[in-house]
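K.L.:
could you work out the structure for the sequence below:
(one chain, ligands or ions: 1)
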Amino acid sequence: MNGNIDIAIIGGGAVGLSVAYHLLQMGGCSVRLFEANRIGSGTSWHAAGIVGPLRSSLNMTRIAMYAGHLFSELENETGKSTGYRQTGGLWLAQNHERLTELRRIHAMGNRVGLGVEMVSPQEVTQVAPHLRVDDLAGALWVDEDAQVSPVDLCAAYASGIKQLGGLIEEGQPVERIETDNGKLKGIALLNGERVKCDRVVLCAGLWSRTLAANVGVDVPLQAVEHMYVVTEPIDQLREPVPVVRDLERGVYLKGDTGKMVIGGFEKHAKIWNPASEIPTDGGYLMFAEDWDQFAPFMQAAVERMPVLESTGIQMFMNGPESFTPDTKPLIGETPELPGLFVAAGFNSVGVMSSAGVGRELSEWILNGRPRFDLWEVDIRRVSPKWNKTKNLHLRMQEAVHTQFAMHWPLKQPEPRVGLHRSPLYERLISAGAVFGCLPHWEVPLWYAESESERSIIHTFGEQPWWDITQREAERMAASVALIDLSQFSKFKITGKQSLEGLQYLCDGDMDMRLGQSKYTVMLNQRGGIEADVTVSRIDSNCFRVVSGASTRYRDFSRMRQILDYFDDVLIEDRTQDEAVLGVMGPLAREVLQRVFSENLQTEKFPFGHIRKVKIGGMEVTALRRSYAGELGWEIFMQVDDAMMVYDLIRAAGEDFGISHLGMLALDGCRIEKGFGHWSHEWDSDVTPIEARIEHTLGTRHRDYLGYDAIRRQKEQGVSQRLLLLEVLLQTSERPLLLHDELVLCDDEIVGLTTSGAVGPRTGNLLSFALVEFEPGESFLEICNKHLQIEVAGDLYETRVLTEAPYDPDGMRMRG
Ligand SMILES: Cc1cc2nc3c(=O)[nH]c(=O)nc-3n(C[C@H](O)[C@H](O)[C@H](O)COP(=O)(O)OP(=O)(O)OC[C@H]3O[C@@H](n4cnc5c(N)ncnc54)[C@H](O)[C@@H]3O)c2cc1C
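P.N.:
Just a heads-up that it's a prediction; the model follows:
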């Protein structure tokens, strides 16, 4: 049989079933779901069934919260029980730092209206009298913590799918995804049938990686043995038994019809690889009991719940679960193969996430994007290096344990694998660089001047590196500093319609003079910002585009997909061909003039321009821009020339006391300058008007993607805006402002912070925040509001800054 359909789904676990259900609910498409064995027989049936709606970020919480609604709704719709039951839950803290972390998470719960409360150890005993609490500092209570029966849930999804006219084919293994000339064609089944379709959704759990790899797509996940035990019935249990997460011990406890379920998240999880690429083994795989691996959890559970000491174990469940290098799922359209969507790598929360992920992915497939920004879990964040088998195995030493580990600011992955290094790495080490990790790169966080400055100290309080960033920034502001920016994503766009393509992609007018460069943003249909980039015109049909480090694959694939509609346009990813060195500070011109062939005076080389320049016989490209807000140039050079160019500039700067500036100081400097950036201040849900970067909107330029939405918003007004807030301190202790802290106006929650810093040149405590207000309220009215920021339960007064606190007129940068 040869069949044509719109969408094929591979995998009938909780996730694939939910995607099918939501696609059919949205309607307008034909869907077939192929399951190699029986539905739910992969990983889903193993699940302990915990449903925990409170996650570490706003959008992940919004995704998780939908489960509470859907799991009961499905019961009404299908008449089949999902076993969904709200029990409430506790997150236990044994020390002050953990309590601080929980207070920060508590704020997130408050923002979305969950029933969250910080409780004392005595209050813990009131809801969970079976627990020992004498070692606790406190706990976080969540009303909406719940449980579901994974097997019943899968059956209810399947029933819903059938009611909606969908087709589930069990015992139908998919052999491969089919492509033709790099384009998705459909799938081939093991029985020889070929199914043509223009969209495939890969929900094959741990088997997804291989199916994807066969068509050149990276889905970096690794299965490990994941275990829990179920005890004999316990008489004294008082129902409902709340879900308990004993974070320090890495163990969870949950009630189950009079018994307890005990599971945990360990270091050095046991890697497991399937014997066959396609699961034709009948499913319901179960590994042997491993008490060596599980004993620490059992002991921890007994310490927390003494009655377990004398309770027998009824069942040992050990099944495979997929974890990812950054412990976040992999969702969305793959950059390598448009039309292929993925939802896999659920890091032990796939059953509860199935509801929200199914709904958002269906929106993504049918309407081009999810209802809210999902960059955090977007598969386009992934680097091919993450997918190397050796790197995946190494990451499993930590990935599972990360679930309950402290989420310290500046926490570094250990071991560090799958990362690029700057071509200047050796030089930066010699200069004292202390490296930290961006998603794809190791970057200098700061430059140490003594052994004591080399260690990264974790705390939620005052950061030891604040003084270092101040030292680095002061030196730059007084003279000149070098900043390694090699991690920038760099693209070259050429061809007959390259200008037309960029005009459509960017909100600013890209019809610039040769040698001119502009900061601009790329929008979606709704006017939301999809990328922020610097575009430089090198020739009439040749442009250079530079964007942030983490969005490399997302920016490239999105630009390529859109530019494909234009004649003869080629986009190349040049990220690893070039190193970039920022030379910033009031003496940058004098230093560079010693080694550059070009006249660097403003009349000859104005701000916002790019030139090819000779240095020591080598040709480099100099771009006059500054993210730090100082006079300066970004020097783009061939990787092979990088060390020599660096040496020449450093030697030229010796007389001027040239120094180095790390990423943390740069981040503080950009906030002091009021420069936001994508994935912190704005994302695909925030428009340039809301982000207060209207200056990027071209005045004559009218035909860019998102223009209509922007025009409408200009007429109708906005109801959220990005503000730069200064925290007004009453004491000398400065709170750590990260992101996602609550912003309150007269006790009402009105927004969240997006990033924060102690300004390294001004000393001001600053934070960007996205704040809601009444439509029609003017910026001046907003400035006069009484806004406070809540950090870990403490309130801080703020004032809205109407201009950047550092060099508001930009005279230093443009001088
Ligand atoms: C011990 C344990 C406890 C857990 N506890 C919880 C919990 O409390 N809460 C929670 O939310 N999550 C929990 N999880 C995690 C959860 O079970 C998973 O994240 C979730 O089941 C993943 O669902 P899935 O649909 O992505 O994958 P799966 O359930 O594995 O479904 C994938 C399906 O794809 C099929 N398939 C694969 N290849 C092919 C092919 N080529 N052709 C056709 N079909 C194919 C497989 O047969 C399988 O049925 C737990 C997991 C384990 C192991």
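
K.L.:
and the residue nearest to the spatial centre of the chain, helix, strand or coil?
P.N.:
Among the residues of the chain, the one closest to the centroid is Glu376, at 2.5 Å (CA atoms, centre = their mean). Secondary structure, DSSP: H, G, I helix; E, B strand; the rest coil: Glu376 is helix.

K.L.:
wait, it touches Ser57, no?
P.N.:
Yes - Glu376 lies in contact with Ser57 (CB atoms under 8 Å); the separation is 6.1 Å. C-beta: built from backbone N, CA, C; applies to glycine.

K.L.:
would you map the strands across the stretch 351-500 of the chain?
P.N.:
433-437, 442-447, 481-484, 489-495 (DSSP state E, counting those that start in this stretch).

K.L.:
pLDDT of the shortest one, averaged?
P.N.:
Going back to what we said before, that points to strand 481-484. The average pLDDT within strand 481-484 is 98.

K.L.:
for it, C-alpha coordinates in PDB please.
P.N.:
Coordinates of each C-alpha in strand 481-484 appear next as PDB, following Å, rounded to 0.1, in the frame of the first residue of the first chain:
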ATOM      1  CA  ALA A 481      41.200  46.400  26.600                       C
ATOM      2  CA  LEU A 482      41.100  43.300  24.500                       C
ATOM      3  CA  ILE A 483      38.000  41.200  24.400                       C
ATOM      4  CA  ASP A 484      37.900  37.800  22.700                       C
END
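
K.L.:
so how far is it off the chain centroid?
P.N.:
27 Å (CA atoms, centre = their mean, to the nearest Å).

K.L.:
for it, which outside residues touch it?
P.N.:
Applying CB atoms under 8 Å, 6 or more residues apart in numbering, the contact partners of strand 481-484 are 422, 424, 428, 431, 443-444, 472, 475, 579-585, 628, 646, 649-650, 653, 658-662, 666.

K.L.:
show me what it pairs with in its sheet, parallel or antiparallel.
P.N.:
Strand 481-484 pairs in its sheet with strand 578-584 (antiparallel), strand 659-660 (parallel), by DSSP bridges.

K.L.:
any idea how far the host helix or strand of Ala343 is from the chain center?
P.N.:
Assigned by DSSP states H and E, Ala343 falls within strand 340-344. Its chain's C-alpha centre and that of strand 340-344 lie 16 Å apart, by CA atoms, centre = their mean.

K.L.:
quick one: Val215 is in a helix?
P.N.:
No - secondary structure of Val215, determined by three-state DSSP: coil, with no helix assignment.

K.L.:
how about the strands in the stretch 151-300 of the chain?
P.N.:
Under DSSP E, counting those that start in this stretch, the stretch 151-300 of the chain gives strands at 167-169, 174-180, 183-189, 194-196, 199-202, 222-231, 243-246, 251-256, 259-264.

K.L.:
mean neighbour count for those strands - can I get that in a markdown table?
P.N.:
Below are those laid out as a markdown table (neighbours: other CB atoms under 10 Å):
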| stretch | mean neighbour count |
| --- | --- |
| strand 167-169 | 17 |
| strand 174-180 | 18 |
| strand 183-189 | 18 |
| strand 194-196 | 16 |
| strand 199-202 | 26 |
| strand 222-231 | 23 |
| strand 243-246 | 25 |
| strand 251-256 | 24 |
| strand 259-264 | 23 |
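
K.L.:
how about those in JSON lines, adding mean pLDDT and distance to Ser353?
P.N.:
As requested, the strands of the stretch 151-300 of the chain are exported to JSON lines (pLDDT from 0 to 100; distance: least, CB to CB, whole Å):
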{"stretch": "strand 167-169", "mean pLDDT": "97", "distance to Ser353": "20"}
{"stretch": "strand 174-180", "mean pLDDT": "98", "distance to Ser353": "23"}
{"stretch": "strand 183-189", "mean pLDDT": "97", "distance to Ser353": "24"}
{"stretch": "strand 194-196", "mean pLDDT": "97", "distance to Ser353": "27"}
{"stretch": "strand 199-202", "mean pLDDT": "98", "distance to Ser353": "15"}
{"stretch": "strand 222-231", "mean pLDDT": "98", "distance to Ser353": "15"}
{"stretch": "strand 243-246", "mean pLDDT": "98", "distance to Ser353": "16"}
{"stretch": "strand 251-256", "mean pLDDT": "97", "distance to Ser353": "16"}
{"stretch": "strand 259-264", "mean pLDDT": "98", "distance to Ser353": "17"}
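
K.L.:
can I get those strands in a markdown table including distance to the ligand?
P.N.:
As requested, these are arranged in a markdown table below (distance: least, CB to the nearest ligand atom, whole Å):
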| stretch | distance to the ligand |
| --- | --- |
| strand 167-169 | 9 |
| strand 174-180 | 4 |
| strand 183-189 | 8 |
| strand 194-196 | 12 |
| strand 199-202 | 9 |
| strand 222-231 | 4 |
| strand 243-246 | 9 |
| strand 251-256 | 8 |
| strand 259-264 | 6 |
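
K.L.:
which stretch among those comes nearest Lys388?
P.N.:
Closest to Lys388 of the strands of the stretch 151-300 of the chain, according to CB to CB: strand 222-231, at 11.0 Å.

K.L.:
tell me the angle that closest one makes with strand 259-264.
P.N.:
150 degrees (axes from the mean of the first three to the mean of the last three CA atoms, to 10 degrees).

K.L.:
check contacts around the residue in the stretch 601-750 of the chain that the ligand sits nearest to.
P.N.:
When scored by CB to the nearest ligand atom, the stretch 601-750 of the chain has Asp740 as its residue closest to the ligand, at 22.7 Å. Asp740 sits next to Ser57, Leu58, Arg104, Ala107, Met108, Leu752, Thr753 when contact means CB under 8 Å, 6+ apart.

K.L.:
now, which of those residues lie within strands?
P.N.:
Leu752, Thr753 (DSSP state E).

K.L.:
which of the contacts of Asp740 tops the neighbour count?
P.N.:
Thr753 (25 neighbours; other CB atoms under 10 Å).

K.L.:
who touches that one in this structure?
P.N.:
Counted by CB under 8 Å, 6+ apart, Thr753 has contacts Leu725, Leu737, Leu738, His739, Asp740, Glu741, Val743, Ser767, Phe768, Ala769, Ile789.

K.L.:
could you check how far Glu73 is from Glu170?
P.N.:
Counting by CB to CB, to the nearest Å, the separation of Glu73 from Glu170 is 25 Å.

K.L.:
do Gly515 as well
P.N.:
Distance from Gly515 to Glu170, by CB to CB: 63 Å.

K.L.:
please apply the same query to Ala212.
P.N.:
22 Å.
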